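A.B. asks: Predicted model and sequence follow; I will ask about them next.
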Amino acid sequence: MDRFSAAGKPASARDGAARDSTSGGGTFETGFAPGESSGDAYGSPGPGHEHSGPPSTADRANRPGTAATRSGSTEAGPGTTEPRSRADEARSDTVQARSGPARAQTGTAQAQTETAQGRSGTAQAWAALGGDPALLARVSRERRPGLLPSALPVLELASSAVTACSLAAAEFSCVRARSALLPPVRVDDGAVATAFHSDRLVRIDGRAPVTFAPLSRFWRTADGWVRTHANYPHHRARLLSALGMPDHGPAEDEAAAGRVATELAGRRAHDVEETVYREGGLAVVVRTPQEWAAHPQRQAVAAAPLVTVSRLDAAPTPALDGPPGPGGLRGLRVLDLTRVLAGPVATRTLALLGADVLRIDAPERPEFLDTHADTGLGKRSTLLDLSSRAGQATFEELLASAHVVVTGYRPGALDRFGLAPESLMDRRPGLVVGQLSAWGAGGPWHRRRGFDSLVQAATGIACLEAADGAGGAGRSPDLVPGQLPVQALDHGTGYLLAAGLLRALTEQRTGTAGSRLVRLSLARTAHWLLYDLPRGPGSGADAGTGADEAEEEADEQPPLDRKPWLAEADSPLGRLRYALPPVGFGPPESAGAAAAGAAAAAGPRGGGGGGTEVAPDAARSPRDWARMPGPVGGDPTEWT
């Protein structure tokens, strides 16, 4: 059986930050029995799959938090893991910095891409998270070709991110419950595609959501195209100011769009990008993949791991009291300081699994109602002014018993509020911090604002998705840019962030104690989509396929009936329709919507409670959230 046990803590904090193994001398029973898996198992033979049948003895020895197969360790017999060598224990503080299927130690981006070739997206994501490859034998996938049609393997990205997150959740549930067997993970492409449309499918009393504002769009310039983002009032005001145009209020933006189009048509795209940036607004040049490849920010992004998990100290792990509950995260306290869309998707997933997630927004900049209705499922919402002494004092009270803090702003943007990762960890030892950004932690653009649509435009995705299917071979004023069928960078990064947080929590308890920093960026996820993910049959795109060809392939498939993966419930906001979670593990009758399939549509959820009741067993995940979102900022600023 696959026994996970608590790990010993470092003998002292003096040298703990340099360790990557337990110093308590604990051992793991690692006779892993993968059990049966049905459907399209990632452990089955075939293109892009690395594991076939039960893992070998060597694979079984490579348990989470151990390193029996790494350099410097001795060969372990069945059911045991030998201690690591002293040289292995003296590694750098960043104990998990991995890119795609290759770790950061592999060096160049070219080497990482070459390593990725031939591996499924799930195998790449799980390796990036530092997961034990033997656990992939517990995964199966219901493939539904033709969903999320694109010139790029969007469906492969989506399914891989959700699968990795589900597996990380299943793994932590075992650690928390000290279970003997990892529950099965089943992912359905239908559930995944529906969830990646969640921001567009949400309804409040039947009303469709407002997605992009009139000034958030592509604009033709004198020499190409730019993409702007002006959904938030302050970004809208800065855009107009940068262009020297009067602001007559959002109600007049439809009329203002014509004047903006005329103004931008006479300007060069790069000049617009820099002028708007200096004003604090958001605009990027629509680049071809070749132009982005030559950009210094792309070089920084390509050199970074897909997921970075760093151990910053040797602090003891904060305790999780009480039973784990369905999903395994009951008692976990999460402070959510994120904005649309990737960060809220990550924390929404933690809330599904039982975490107490408190979303914090500034009083002067609350989240949009439609976005809140979509991403606030399972959470509580409060407003807090971190620039005031009273707000800071309240935050410190919350931080004192938090286990996880997640931020979704530019690196350094929140430091003035005491929210730098190192500062948070000094005040709350053993904390796990998730840090999400648009462009990454390094490079000349690392302090720039960004959103999914802007990253698509800058990295060449918009050219590849051009309406004429030209595939981005060259940039021309006549080439109308396109976009992915969903905000895949946001959603995909969100599920990967949730997976990274779960793996950090697992490693604290099975590997080495210490505070952890988990970092991801939309630009790095875009790099994964553009260069690393397989593009063969079933991945969502074939090599050389343009946007038009991808749509024609999708037209050959019957349209997806999303009803099995949509739910309705009464909520404080009104009658709410929302997408069910694609993340899940456990027996099919109790796992997430991805496994439950059509059974998930068995009637609307009454009241404000949300989900179907399940047994209080951490070896299974809830099919639905336990709480419907209330008004933005409508909850007390305290833990439940």
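C.D. replies: Sure thing, it's come through.
A.B. asks: Check the residue sitting furthest away from the middle of the chain and give its pLDDT.
C.D. replies: Relative to the centre of the chain, the most outlying C-alpha is that of G266, 38.7 Å out, by C-alpha atoms, centre = their mean. G266 carries a pLDDT value of 96.
A.B. asks: Next, count neighbours for the closest residue to it other than its chain neighbours.
C.D. replies: Nearest residue to G266, sequence neighbours excluded (C-beta to C-beta, 6 or more residues apart in numbering): A222, at 5.9 Å. Yep, even glycine has a C-beta here, placed from its N, CA and C like the rest. Close neighbours of A222, defined as other C-beta atoms under 10 Å, add up to 13.
A.B. asks: same check, this time on W439
C.D. replies: Neighbours around W439, by other C-beta under 10 Å: 26.
A.B. asks: And the pLDDT at the residue lying closest to S423 once chain neighbours are set aside?
C.D. replies: The spatially closest residue to S423, leaving aside those adjacent along the chain, is D415, at 7.5 Å (C-beta to C-beta, 6+ apart). D415 carries a pLDDT value of 94.
A.B. asks: ok, which stretches of the stretch 501-640 of the chain are strands?
C.D. replies: Along the stretch 501-640 of the chain, counting by DSSP state E, counting those that start in this stretch, strands occupy 516-521, 566-571, 574-579.
A.B. asks: can you put those in a markdown table and add mean pLDDT, mean neighbour count and distance to L369?
C.D. replies: Converted to a markdown table, the strands of the stretch 501-640 of the chain look like this (pLDDT from 0 to 100; neighbours: other C-beta atoms under 10 Å; distance: least, C-beta to C-beta, whole Å):
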| stretch | mean pLDDT | mean neighbour count | distance to L369 |
| --- | --- | --- | --- |
| strand 516-521 | 98 | 27 | 27 |
| strand 566-571 | 98 | 20 | 12 |
| strand 574-579 | 98 | 20 | 10 |
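A.B. asks: Select, out of the ones you listed, the one closest to Q487.
C.D. replies: strand 574-579 (13.2 Å; C-beta to C-beta).
A.B. asks: by contact count, what packs against the closest one?
C.D. replies: Packing contacts for strand 574-579, counted by 3 or more C-beta pairs under 8 Å, 6 or more residues apart in numbering; DSSP states H and E, involve helix 198-201, strand 203-204, helix 369-375, strand 566-571.
A.B. asks: That one - which strands sit beside it in the sheet, and in what orientation?
C.D. replies: Looking at strand 574-579 with DSSP bridges, its partner strands are strand 203-204 (antiparallel), strand 566-571 (antiparallel).
A.B. asks: which is the next helix or strand following the shortest one?
C.D. replies: Tracing the chain past strand 203-204, the next element assigned as helix or strand by DSSP states H and E is strand 218-220.
A.B. asks: Next SSE downstream of that next one?
C.D. replies: Next element after strand 218-220 (DSSP H and E): strand 225-228.
A.B. asks: Which positions in whatever helix or strand comes next after that following strand come out as buried?
C.D. replies: Tracing the chain past strand 225-228, the next element assigned as helix or strand by DSSP H and E is helix 233-242. Judged by neighbour count (16 or more other C-beta atoms under 10 Å), helix 233-242 contains these buried residues: H235, R236, A237, R238, L239, L240, A242.
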